[in-house]
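In: this one's sequence-less:
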């Protein structure tokens, strides 16, 4: 086991403790998702803060015969150079195996530019929106740009349970 000891000084600790408060944590809008489970028929999602609220971890489950099965997991984080919220997710037992998110918040809506990739590396671009109707529900929509304009591919209303 490797143990690394870092020097501690009151100045460094004070700067670290106030860093997010002074600049504002760009991940703060995720707070309403943290805790409990968000359900639609046959599946649910869970969200939790990562270390120091510097990331948000998400896990997706399919429920088959009453038994939850983990099928996707990933993380959103603030990219300091790009100045954007980024997300990367992997999945199993789905046509898609990797998701690449760029996410922003607009009042009660989370909007993500999303690239999904299958096992062969073929990518598809989408826009995903999550619109909160209250603290216990959000409407999820997956949209795709087509020659006829933006088309809704899928949608569902997720409800929180504790």
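Out: All right, it came through fine. As the structure is a computational prediction, the values presented were derived from the model and not from experiment.

In: elements contacting whichever strand or helix holds residue 138?
Out: Taking DSSP states H and E as the criterion, residue 138 maps to strand 137-146. Here strand 137-146 touches strand 123-134, strand 149-161, going by 3 or more CB pairs under 8 Å, 6 or more residues apart in numbering; DSSP states H and E. No exception for glycine: its C-beta is placed from N, CA and C like everyone else's.

In: now it against strand 149-161, angle please.
Out: With axes from the mean of the first three to the mean of the last three CA atoms, to 10 degrees defining the directions, strand 137-146 sits at 160 degrees from strand 149-161.

In: next, residue 53: phi, psi?
Out: phi 60, psi 30 (degrees, to the nearest 10).

In: what pairs with the strand holding residue 138, parallel or antiparallel?
Out: Take DSSP bridges as the rule and strand 137-146 pairs in its sheet with strand 123-134 (antiparallel), strand 149-161 (antiparallel).

In: got a markdown table for the ones you listed, with distance to residue 68 and mean pLDDT too?
Out: Shown next, in a markdown table, are the strands paired with strand 137-146 (distance: least, CB to CB, whole Å; pLDDT from 0 to 100):
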| stretch | distance to residue 68 | mean pLDDT |
| --- | --- | --- |
| strand 123-134 | 21 | 97 |
| strand 149-161 | 13 | 95 |
